[in-house]
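Participant: Curious how this folds, go ahead:
(2 chains)
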Amino acid sequence: KAGVTQTPRYLIKTRGQQVTLSCSPISGHRSVSWYQQTPGQGLQFLFEYFSETQRNKGNFPGRFSGRQFSNSRSEMNVSTLELGDSALYLCASRLDSPDKAFFGQGTRLTVV
Amino acid sequence: SQQGEEDPQALSIQEGENATMNCSYKTSINNLQWYRQNSGRGLVHLILIRSNEREKHSGRLRVTLDTSKKSSSLLITASRAADTASYFCATDPIKAAGNKLTFGGGTRVLVKP
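Facilitator: The predicted structure is shown next:
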């Protein structure tokens, strides 16, 4: 099976812009979660989608949003970018809890 | 916020030596997973240990879990330069709605040739 695919791998954006990141999970996996990784805060949970419904949400402002499509692919959107949004954004795919979660290579977002 | 604390934060060893790192967590869990991350790349799944298991092996990796102490350890035996990476534990809380892994701060391991 193909692994979790995240696109793009790298992004540079300007403050105030918005960005959309994409994640294609492993075939058959219906749960997709998003995480933000920064040197200061470590790995933090953003949200999780299962069968097109958001099931869980982390403690992030409303500028961070996501969605999941019927083929389980997911997108996350960050609006009005701030310098502090610079991070590695990771997507995880799993059948459901409590199974293994498999991660993509991440999208490195730099806000200038 | 992170549920887990990992200890040590950094570890430097010679090739061939064993590396041990520990993870402590706060709430009751379904399982605990260990991951490896090479220099800013994605997380590679290493081992999942369920709350009713005490020890699990995979190749040169040995994981233990003590739910009474809310702690886990990862042992890498006969380390290689390729084991140089950051290692994270992640817990799957029992009462979380849906899937929400909570990560520790990680242990940076340097294996010197």
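Participant: List the contacts of A:H29.
Facilitator: By C-beta atoms under 8 Å, 6 or more residues apart in numbering or on different chains, the contact set of A:H29 is A:S72, A:S93, A:R94, A:L95, A:F102. To be clear about C-beta, it is placed using only N, CA and C from the backbone, and glycine gets the same treatment.
Participant: mind checking pLDDT for it?
Facilitator: At A:H29, the model reports a pLDDT of 92.
Participant: ok, now the one 5 residues further on?
Facilitator: Predicted confidence (pLDDT) for A:W34: 97.
Participant: ok, now A:K100?
Facilitator: Taking A:K100 on its own, its pLDDT is 89.
Participant: Tell me how far it lies from B:N31.
Facilitator: Distance of A:K100 to B:N31, given as C-beta to C-beta, to the nearest Å: 9 Å.
Participant: CSV please, covering the contacts of A:H29 and showing secondary structure.
Facilitator: CSV is the format used below for the contacts of A:H29 (DSSP: H, G, I helix; E, B strand; the rest coil):
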residue, secondary structure
A:S72, coil
A:S93, strand
A:R94, strand
A:L95, coil
A:F102, strand
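Participant: I'd like to know which of the residues you listed are buried.
Facilitator: In the contacts of A:H29, burial by neighbour count holds for A:S72, A:S93, A:R94, A:L95, A:F102, counting by 16 or more other C-beta atoms under 10 Å in any protein chain shown.
Participant: Go back to those and keep what's next to chain B.
Facilitator: Restricting the buried ones among the contacts of A:H29 to those touching chain B (C-beta under 8 Å from any C-beta of the partner chain) yields A:R94, A:F102.
Participant: Show me which of the buried ones among the contacts of A:H29 has the smallest pLDDT value.
Facilitator: Lowest pLDDT of the buried ones among the contacts of A:H29: A:L95, 86.
Participant: Nearest residue to that residue in space, please, no chain neighbours.
Facilitator: A:H29 (5.6 Å; C-beta to C-beta, 6 or more residues apart in numbering or on different chains).
Participant: Brilliant, that's me finished.
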